[in-house]
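Novice: A predicted structure for the sequence below; I have some questions about it.
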Amino acid sequence: MEYTSGASSWRKAVLRAGRAFGRLPGKRRSGWTLGVPLIAATAGLLFTMSATTSAGTSLREDQSVELSELIGKKEDETQAARIRVDQLRNEIDGLTDAMAVGDTPVAQEHARGEGYLAAAGLTAVHGRGLTVRMDDAPNSNDDDLAPGTATQDDLVVHQQDVQAVVNALWAGGAEAMTIMGVRVITTTAVQCVGNTLLLDGKRYSPPFVISAIGDPARLQAALDASAGVQAFRDAVRDYGLGYSVTREADIQAPAYQGSVLLRHASVPR
């Protein structure tokens, strides 16, 4: 009895201790009892890692470069390169001029080169000559033309009309020529887009103005002898297009400013 009583007392003490700690001996822990500490530990670990990462690096860093900054940088580089090219060109010109002083082979070649520049249209010139003006008919924009009369093509200046005048002036001994104030050289192409003239990448609307430096009498005779110019003058008479020739005492022809590269041709060797 005493052992039994002692055992009973011991069991009661264990039960009281188990209640105090919230568990009973011999019973399996529930899922929540095991899971809550594990979840808490895991959450703490994740929180610690997140805090460390945020403190060390930017989680959403924008590494893209603004396009405007790139463009601005390239423009600055291009401008610096242009300035350097101009400096080198000036240095070369200065050295060439210094070497060309006196009666030397360099001086002779320098003078020869200057002559080529003038012939190529790369220097400004002036002198007497003729100016030809060509214009569309006043009713060239009229969409309600009477049947059986002129068509829209009859009332505008065409590419072949401008080419006929240019070729005639060259044949008449023109020393220099401009179209719409732009210097004409051997590689200049006369092209029309609709009723506009395309010259060195720019468009010009009529009236088209062509000026040639040379003997006015010879230039006029070449215009009168040209079949292409005569065909245009017939259209002037029949459809009212504009055509006039004026003698000029002093025509200014600026130096050609465009590219002289031969993109579609090569020089034979």
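Specialist: Received the coordinates, thanks. Residues are numbered from 1 along each chain as shown.

Novice: And the strands in the stretch 151-269 of the chain?
Specialist: Assignment of strands within the stretch 151-269 of the chain using DSSP state E, counting those that start in this stretch yields the ranges 176-179, 182-183, 191-193, 196-199, 202-204, 208-213, 242-253.

Novice: hey, least reliable of those by pLDDT?
Specialist: Sorting the strands of the stretch 151-269 of the chain by mean pLDDT places strand 191-193 lowest, at a mean of 83.

Novice: Parallel or antiparallel, which strands does that one pair with?
Specialist: Taking DSSP bridges as the criterion, strand 191-193 pairs within the sheet with strand 196-199 (antiparallel).

Novice: neighbouring contacts of the strand it pairs with?
Specialist: 162, 179-180, 182, 188, 190-192, 203-206, 208 (C-beta atoms under 8 Å, 6 or more residues apart in numbering). Backbone N, C-alpha and C define where each C-beta goes, glycine included.

Novice: Leu88 versus His158, what's the distance?
Specialist: Going from His158 to Leu88 by C-beta to C-beta, to the nearest Å gives 46 Å.

Novice: mind showing which ranges of the stretch 101-250 of the chain have poor pLDDT?
Specialist: Within the stretch 101-250 of the chain, the ranges that satisfy pLDDT under 70 run 101-104, 106-116, 140-149.

Novice: mind listing the helices for it?
Specialist: For the stretch 101-250 of the chain, the helices defined by DSSP state H, counting those that start in this stretch cover 105-119, 159-171, 216-225, 227-239.

Novice: With distance to Thr196 and mean neighbour count as extra columns, can I get those helices in a markdown table?
Specialist: What follows is the helices of the stretch 101-250 of the chain, written out as a markdown table (distance: least, C-beta to C-beta, whole Å; neighbours: other C-beta atoms under 10 Å):
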| stretch | distance to Thr196 | mean neighbour count |
| --- | --- | --- |
| helix 105-119 | 30 | 12 |
| helix 159-171 | 11 | 20 |
| helix 216-225 | 23 | 17 |
| helix 227-239 | 17 | 15 |
